[in-house]
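Enquirer: quick one, structure for this:
(chains A and B)
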Amino acid sequence: MSNVPADLRYLKSHEWARLESDGTITVGISDHAQQALGDLVFVEAPEPGRRVHAGEACAVVESVKAASDVYSPVSGEVVAGNADLGGQPELINSDPYGGGWIMRIRPDDKAQFASMLDAKAYAAALAAETH
Amino acid sequence: MGLRTPLYDTHVAAGARTVDFGGWDMPVNYGSQIEEHHAVRRDAGMFDVSHMLVVDLRGGRVREFLRRLLANDVAKLTASGKALYSCMLREHGGVIDDLIVYYLDDQWYRMVVNAGTREKDLEWLRQHAGGYGVTVEPRLDLAMIAVQGPNARQKAAGLMEPGVATRALELGTFFGFDAGSLFVARTGYTGEDGFEIMLPTVAAVSFWQRLRDAGVAPCGLGARDTLRLEAGMNLYGNDMDETTSPLESGLGWTVAWEPQDRDFIGRGALAAQKASGSTRKFVGLLVEDRAVLRSHQKVIVPAVGEGEVTSGTFSPTLQRSIGLARVPAKTGDRCEVEIRGKLVPARVVRPPFVRHGKIAIAL
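Expert: Model prediction:
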């Protein structure tokens, strides 16, 4: 069973997002996604300053098995990519909601964050996907 | 639900993630594929390969039958227990399957074929066996466990009866023997030393658990794939199939041309291909950028032509991506691969990439 923290928001495409106190949004991939991908070997995070749109593929996570796009849940400006993932992509496997974060985005409109799935809805989507 | 080996419930109880492989529900990993890979390179790991099919072939003319059926020549097998790797071909030279055949005595050979091809293999065997009075017996009563790694033989032998263990540890490379309750062979698909052990399906779970208790790590098909690719070994269905000949799949070394009067199935087509000069060759690829080769990616050789990656992965030992590819015969030592819309430079190398735990190519 995968871990779905109650305090985060999610996309059906298995990204999670957290609203930080400075108004930025931290994005990563869910525990379910890292389990499905298997051992991560490369991560390509976006450069700070890049403009992204909600639903745009803006990072790539690649495992021994497959490469997968990571979609931005909001439109806005990338303020940071997780540089630690360059040398330690396995952080996504070991700590998907902590040290394995992928990018931080300053959203144009926080309503886009609010419209994401809550933990209950994401857990239900996972249950529907696996049954 | 797919087919399941006798060890399926044991895999699930151990936390395995399972995938469909040739119609079988098989473990892909038990947590970390990379840790399982390293366990085999550095110590000992085991794989449930019970989805592969063991076929016993018996009869007074079984040798003659196999000399007609296989592109490699079983006449090379003169010592009991010796194994041979071979392709089985259609008349047009396409590969029906790749397999291992053991010579046990003059009336008994044992073959191990792939899971995804077992039905068509059996049909082909039966179609040709009748004319030689050879009986084809699929051994559905046998499970198979591959125990691989530098410490694998010692750990596995520790679980065998003393007489069997002694014989097992004395086995030469690519030899097997039938010990009644076990068939032990010094073969594998990882580039490491080890055994492949056939045993009755009813004994598989307890033997697996004893191996695990002896410190042999359960490994899934994910690690099996990265290990075989590092070892430069082909995977049927990826690297060759009925549309490709052994000569354009890096398997020319398995075709026995001598003696010239041995008329194996597919010989005429291979001889014609050899005479005309094959336009494609089979090579290893190494990528230096942070990108991973995957099967079906396009290979571009400037001013020469195009090819295709047949297998690709991230190599845990090299910490780089490696692959196998079918490319134009005139390809030199560099090419480009189209990976997710970008052209990525790759080096053309000669597999294996890793052998007995050591990197076998210049990085």
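Enquirer: in the stretch 201-350 of chain B, which spans are helices?
Expert: B:204-213, B:221-230, B:267-276 (DSSP state H, counting those that start in this stretch).
Enquirer: so, low pLDDT: which residues of the chain?
Expert: Reading this off chain A. Per-residue confidence for chain A (pLDDT under 70) gives these ranges: A:1, A:131.
Enquirer: mind listing the strands for it?
Expert: Using DSSP state E, the strands assigned to chain A run over residues A:9-10, A:15-19, A:25-29, A:40-44, A:51-52, A:57-63, A:67-71, A:76-81, A:103-107.
Enquirer: okay if I get these as CSV plus mean neighbour count?
Expert: Every residue, glycine included, has its C-beta placed from N, CA and C. Formatted as CSV, the strands of chain A follow (neighbours: other Cβ atoms under 10 Å in any protein chain shown):
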stretch, mean neighbour count
strand A:9-10, 22
strand A:15-19, 21
strand A:25-29, 25
strand A:40-44, 22
strand A:51-52, 18
strand A:57-63, 22
strand A:67-71, 19
strand A:76-81, 19
strand A:103-107, 22
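Enquirer: looking at those strands, which is nearest to B:Asp241?
Expert: When those are compared by Cβ to Cβ, strand A:67-71 sits nearest B:Asp241, at 24.6 Å.
Enquirer: residue numbers of chain A in contact with chain B?
Expert: Proximity of chain A to chain B, by Cβ under 8 Å from any Cβ of the partner chain, involves residues A:35, A:38-39, A:41-42, A:44, A:60, A:62, A:64-67, A:93.
Enquirer: any chance of the helices of the stretch 201-350 of chain B in JSON lines, with mean pLDDT, distance to chain A and mean neighbour count too?
Expert: Below are these laid out as JSON lines (pLDDT from 0 to 100; distance: least, Cβ to the nearest Cβ, whole Å; neighbours: other Cβ atoms under 10 Å in any protein chain shown):
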{"stretch": "helix B:204-213", "mean pLDDT": "98", "distance to chain A": "21", "mean neighbour count": "17"}
{"stretch": "helix B:221-230", "mean pLDDT": "98", "distance to chain A": "6", "mean neighbour count": "25"}
{"stretch": "helix B:267-276", "mean pLDDT": "96", "distance to chain A": "35", "mean neighbour count": "14"}
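Enquirer: need the per-residue pLDDT for B:Thr279.
Expert: If you check B:Thr279, the pLDDT there is 83.
Enquirer: near the residue lying closest to it once chain neighbours are set aside, how many other residues are there?
Expert: Spatial nearest neighbour of B:Thr279, excluding adjacent residues (Cβ to Cβ, 6 or more residues apart in numbering or on different chains): B:Ala329 at 5.5 Å. Residues lying near B:Ala329 (other Cβ atoms under 10 Å in any protein chain shown) number 12.
Enquirer: quick check: mean pLDDT across the longest helix anywhere in chain B?
Expert: Using DSSP state H, we find that the single longest helix of chain B is helix B:118-129. Averaged over helix B:118-129, pLDDT sits at 98.
Enquirer: tell me which other helices or strands that helix touches.
Expert: strand B:53-58, helix B:62-69, strand B:95-105, strand B:135-138 (3 or more Cβ pairs under 8 Å, 6 or more residues apart in numbering or on different chains; DSSP states H and E).
Enquirer: before we move on, the earlier item: columns distance to B:Gly23 on top of the strands of chain A, output as TSV?
Expert: Below are these laid out as TSV (distance: least, Cβ to Cβ, whole Å):
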stretch	distance to B:Gly23
strand A:9-10	34
strand A:15-19	34
strand A:25-29	31
strand A:40-44	29
strand A:51-52	42
strand A:57-63	24
strand A:67-71	26
strand A:76-81	42
strand A:103-107	40
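Enquirer: quick one: residues contacting residue 2.
Expert: All of this is about chain A. Taking Cβ atoms under 8 Å, 6 or more residues apart in numbering or on different chains, we find A:Ser2 in contact with A:Ser30, A:Asp31, A:His32, A:Gln35, A:Leu126.
Enquirer: other chain: chain B
Expert: B:Asp20, B:Gly23, B:Trp24, B:Asp25.
Enquirer: which one of the helices of the stretch 201-350 of chain B lies closest to B:Ala362?
Expert: Among the helices of the stretch 201-350 of chain B, helix B:221-230 sits nearest to B:Ala362 (Cβ to Cβ), with 15.2 Å.
Enquirer: out of the strands of chain A, which gets nearest to B:Asp9?
Expert: Ranking the strands of chain A by proximity to B:Asp9 (Cβ to Cβ) places strand A:57-63 first, at 26.8 Å.
Enquirer: next one: the closest one to chain centre, how far?
Expert: Here the centre of strand A:57-63 is set off from its chain's centre by 10 Å, with Cα atoms, centre = their mean, to the nearest Å.
Enquirer: now stretch A:104-118
Expert: Per Cα atoms, centre = their mean, the centroid offset for stretch A:104-118 relative to its chain is 12 Å.
Enquirer: mind listing residues that contact that stretch?
Expert: With Cβ under 8 Å, 6+ apart as the test, stretch A:104-118 has contacts from A:9-12, A:17, A:19-20, A:23-27, A:52, A:54, A:72-81, A:125.
Enquirer: quote the end-to-end distance of it.
Expert: Criterion Cα to Cα, to the nearest Å; first-to-last residue distance in stretch A:104-118 is 19 Å.
Enquirer: got it, and stretch B:22-32?
Expert: 23 Å.
Enquirer: and for it, what's in contact with it?
Expert: A:38-39, A:93, B:1-5, B:8, B:11, B:14-20, B:36, B:48, B:51, B:114-117, B:218-223, B:237.
Enquirer: what's the spacing between B:Met240 and chain A?
Expert: 22 Å (Cβ to the nearest Cβ, to the nearest Å).
Enquirer: hmm, I typed the wrong one, I wanted B:Phe174.
Expert: 29 Å.
Enquirer: in contact with B:Arg350, which residues?
Expert: B:Val283, B:Gly284, B:Ile361.
Enquirer: can I get those in TSV including distance to B:Ala75, pLDDT and neighbour count?
Expert: Compiled in TSV, the contacts of B:Arg350 are given as follows (distance: Cβ to Cβ, whole Å; pLDDT from 0 to 100; neighbours: other Cβ atoms under 10 Å in any protein chain shown):
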residue	distance to B:Ala75	pLDDT	neighbour count
B:Val283	31	98	22
B:Gly284	31	98	21
B:Ile361	34	94	17
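Enquirer: how about the residues of chain B by chain A?
Expert: B:17, B:28-29, B:32-34, B:222, B:226, B:290-292, B:294, B:313-314, B:316, B:340.
Enquirer: tell me the contacts of the residue nearest to B:Asn29 when sequence neighbours are not counted?
Expert: Nearest non-adjacent residue to B:Asn29, counting by Cβ to Cβ, 6+ apart: B:Gly220, 4.2 Å away. Taking Cβ under 8 Å, 6+ apart as the criterion, B:Gly220 is in contact with B:Ala16, B:Arg17, B:Met26, B:Pro27, B:Val28, B:Asn29, B:Tyr30, B:Gln33, B:Glu36, B:Phe47.
Enquirer: that'll do, ta.
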